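> need coordinates for the following:
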Amino acid sequence: MTAVQLSIVFVPIVIYGAIKRSKEIFRLSVISLVLVFAQSAILFMASFDALSTLQYNWLQKFIVFICAILLCKPLGVTPKECGYFLPSSRSALLFALLIGTVYAGIDIVGIEEHKVPTVETVLFQLTMPGLQEEPFYRGLLLSLWDKHFGRPIKVLGVNFGLGSVITTAIFTVLHLVFLDESWKLAANPNVLEWINFIVFSFVMCWLRYKFESVWPCVLAHNFDNGFVRLFSWFVSTHPRS
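Predicted coordinates:
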């Protein structure tokens, strides 16, 4: 499945690279493909027996996070270039919480039926999705592409590069393209969902560029996911009379 998803993203990039005769595009495409395949393999590997009673893949998410941290230097980018240091600006926290709140509100509006989440669900969504995805997508992958192709386009005070487009495409397709019950390739038919994921990814890129750190992105991402589950718990346990 991952191979099909990545083909949707990288076939146009490889064709562009062939037209431009760019060895760097081919090289980074191969590296990105290997990294995403490795991430998928880790996320879908069998859980250890000690954690088999848990509902979510806590360990796998944490392993992806550690791998993203450890692989930056071997791949030619520094921890600072990947945004693995804490932001120096105090306003990063405020921006992160504001963006997380806005997106949580958008997600809450889109939920038709609120089900009572388990305690594990709330804790997992408050901590792990952003911890795994932000250092990987907006940290490692983003930096690999930006280091070689720069960030020539300025938007809202920060410079964007090809890396933001590539990582947004991968992030969105991996979330919204899937195999249905008949094992046929399908895509989420909701156009608003596509817009939501694309805009969210670019906003995370903006936050990452603005404060030169992935940690505001981790906070915003987890606050979005976690607050939605907390709201669902509140609505489900406090029904209107």
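> shaky segments in this structure?
Judged against pLDDT under 70, the low-scoring parts of the chain cover residues 1-4, 46-52, 112-114, 180-181, 183, 238-241.
> now the strands: where do they sit in it?
In the chain, the segments counted as strands under DSSP state E are 153-155, 158-160, 177-179, 185-187.
> out of the ones you listed, nearest to Val116?
Relative to Val116, the nearest member of the strands of the chain by CB to CB is strand 177-179, separated by 25.6 Å. Using the backbone N, CA and C atoms, a C-beta is placed for each residue, glycine as well.
> what lines up beside the closest one in the sheet?
Note on strand 177-179: by DSSP bridges, its sheet partners are strand 185-187 (antiparallel).
> still on that earlier bit, adding distance to Tyr56 and mean neighbour count as columns, could you present the strands of the chain in CSV?
Conversion of the strands of the chain to CSV gives the following (distance: least, CB to CB, whole Å; neighbours: other CB atoms under 10 Å):
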stretch, distance to Tyr56, mean neighbour count
strand 153-155, 35, 11
strand 158-160, 33, 16
strand 177-179, 18, 15
strand 185-187, 24, 13
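> nearest to Arg229, of these?
Relative to Arg229, the nearest member of the strands of the chain by CB to CB is strand 177-179, separated by 21.7 Å.
> tally of neighbours for Ile66?
12 (other CB atoms under 10 Å).
> so Asn196 touches Ile106, yeah?
Yes. Under the criterion of CB atoms under 8 Å, Asn196 makes contact with Ile106 at 6.7 Å.
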